[in-house]
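Student: got a predicted structure plus its sequence, pasted below:
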Amino acid sequence: MSTTVVVAAEDTGIMMTAFDSSERHAFVGTVGDYTVADPRMQCRGVDVYYGEEHAIRNVSLDIGKYQVVSMIGPSGCGKSTFLRCLNRMNDEIPGCRVTGTIRLDGSEIYSKGQDVVPLRAQVGMVFQKPNPFPKSVYENIAYGPRIHGLTNNKAELDGLVETSLRRAGLWDEVKDRLNQPGTELSGGQQQRLCIARAIAVSPEVILMDEPCSALDPVATARIEELIDELRENFSIAIVTHSMQQAARVSQRTAYFHLGNLVEVGETKQIFTNPSHKLTEDYITGRFG
Ligand SMILES: Nc1ncnc2c1ncn2[C@@H]1O[C@H](COP(=O)(O)OP(=O)(O)OP(=O)(O)O)[C@@H](O)[C@H]1O
Ligand SMILES: [Mg+2]
């Protein structure tokens, strides 16, 4: 008879999971340390349901300060669902229910008193398909700071628009066309515009759901460089189907499978020496 022993050390977040050879396929708890020394966000025991469907199962994961964590796994395993929990985007989906604890700088983001508008400025989101507002380049950036009252006058707002575009690596390409519609930029430029828009409201965390999947290799390389630069000031959680991308841009990697967080660890370890058979199968292309 096979035996499986799971020892969970709640305080440290370290799950020591023992598998015998016949059960390395089975999921019995996250392998690896889901905590970090300096967390920006802390998720504990998060479950997500769409009606009867249990899409995320008891996931605990920290998002570290000034780090990129990538989330990988087969289609439908819950990566986008989990990412959306981090700024309560799932609130917008009828029938979606989130339980567990998610803290940003120690404060529960699902508490009754939490207003989602400032939360979504603190935890910004960049989507798969660039989605600039149907407004000018300038207004795409100025809109957020204006509604959040971040600047006192036009000169300050102009300065913030310029700084945000510079930080997103787009200023030189758009400085002479600030009044043109954002939707008329190239796909890669639109995605950097969306990143500039997220940056403009001084977030702490930027969530990215497959931000390069609609871009060509040159535009993708540009965004990847940008992610590396942004890490100096922000925490970033990125969902990607490209394992090369995860390896290039992230310091930690989380592998999801059927709603479970199977394994989390340093990116290098996940890609060179995964502990779980499911992770190994995925990264070696045997699954997914
Ligand atoms: N808005 C929704 N309403 C109902 N069910 C949903 C919704 N969004 C996702 N789901 C379900 O939740 C599960 C996880 O989906 P999710 O989109 O999070 O996966 P994913 O890992 O991001 O997949 P992909 O790699 O294809 O983007 C799936 O079974 C999906 O059908
Ligand atoms: Mg997805």
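Tutor: Arrived safely. Numbers count the residues shown, from 1 in each chain. Ligands and ions are numbered 1, 2, ... in the order given.
Student: run a quick neighbour tally on L165.
Tutor: Look at L165: counted by other CB atoms under 10 Å, it has 27 neighbours. Every C-beta, even on glycine, is put in place using the N, C-alpha and C of the backbone.
Student: kindly export the helix or strand containing it (C-alpha atoms) in CSV.
Tutor: According to DSSP states H and E, L165 maps onto helix 154-167. Extracted C-alpha coordinates of helix 154-167, given in CSV (Å, rounded to 0.1, in the frame of the first residue of the first chain):
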residue,chain,number,x,y,z
LYS,A,154,-2.0,71.2,-15.4
ALA,A,155,1.8,71.5,-15.2
GLU,A,156,2.0,68.7,-12.6
LEU,A,157,-0.4,66.6,-14.7
ASP,A,158,1.7,67.2,-17.8
GLY,A,159,4.8,66.2,-15.8
LEU,A,160,3.2,63.0,-14.6
VAL,A,161,2.0,62.1,-18.1
GLU,A,162,5.6,62.5,-19.4
THR,A,163,7.2,60.6,-16.5
SER,A,164,4.7,57.7,-16.9
LEU,A,165,5.3,57.5,-20.6
ARG,A,166,9.1,57.6,-20.1
ARG,A,167,9.0,54.9,-17.5
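Student: averaged over its residues, what pLDDT does it have?
Tutor: Mean per-residue pLDDT for helix 154-167: 96.
Student: start the count at 805, not 1, going forward
Tutor: Shifting the count to begin at 805 puts that one at helix 958-971.
Student: show me how far it is from its chain's centre.
Tutor: 25 Å (CA atoms, centre = their mean, to the nearest Å).
Student: give the buried residues for that helix.
Tutor: L961, L964, V965, S968, L969, R971 (16 or more other CB atoms under 10 Å).
Student: just checking, next helix/strand downstream of it?
Tutor: Beyond helix 958-971 on the C-terminal side, the first helix or strand identified by DSSP H and E is helix 975-978.
Student: pull the residues that contact that next one.
Tutor: Contact partners of helix 975-978, identified using CB atoms under 8 Å, 6 or more residues apart in numbering, comprise V941, E966, L969, L989, Q993, L997.
Student: repeat the analysis, applying 10 Å as the threshold.
Tutor: Identification of contacts with helix 975-978 by CB atoms under 10 Å, 6 or more residues apart in numbering yields 941-942, 945, 965-970, 972, 982, 984, 986, 989-990, 992-993, 996-997, 1000.
Student: picking that back up, as JSON lines, the buried residues of helix 958-971 with distance to ligand 1 would be great.
Tutor: JSON lines is the format used below for the buried residues of helix 958-971 (distance: CB to the nearest ligand atom, whole Å):
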{"residue": "L961", "distance to ligand 1": "36"}
{"residue": "L964", "distance to ligand 1": "33"}
{"residue": "V965", "distance to ligand 1": "32"}
{"residue": "S968", "distance to ligand 1": "28"}
{"residue": "L969", "distance to ligand 1": "29"}
{"residue": "R971", "distance to ligand 1": "28"}
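Student: relative to E1036, which of those is nearest.
Tutor: Closest approach to E1036 among the buried residues of helix 958-971 (CB to CB): R971, at 10.0 Å.
Student: that closest one and P1007 touch, don't they?
Tutor: No. Counting by CB atoms under 10 Å, P1007 is not a contact partner of R971; they are 11.7 Å apart.
Student: what do these two both touch?
Tutor: By CB under 10 Å, 6+ apart, R971 and P1007 have these common neighbours: N1037, F1038.
Student: report pLDDT for the residue sitting nearest the centre point of the chain.
Tutor: Closest to where the C-alpha atoms of the chain average out (CA atoms, centre = their mean) is A1041, at 2.6 Å. Per-residue confidence for A1041 comes out at a pLDDT of 98.
Student: same question, the one 4 residues further on
Tutor: H1045 carries a pLDDT score of 95 in this model.
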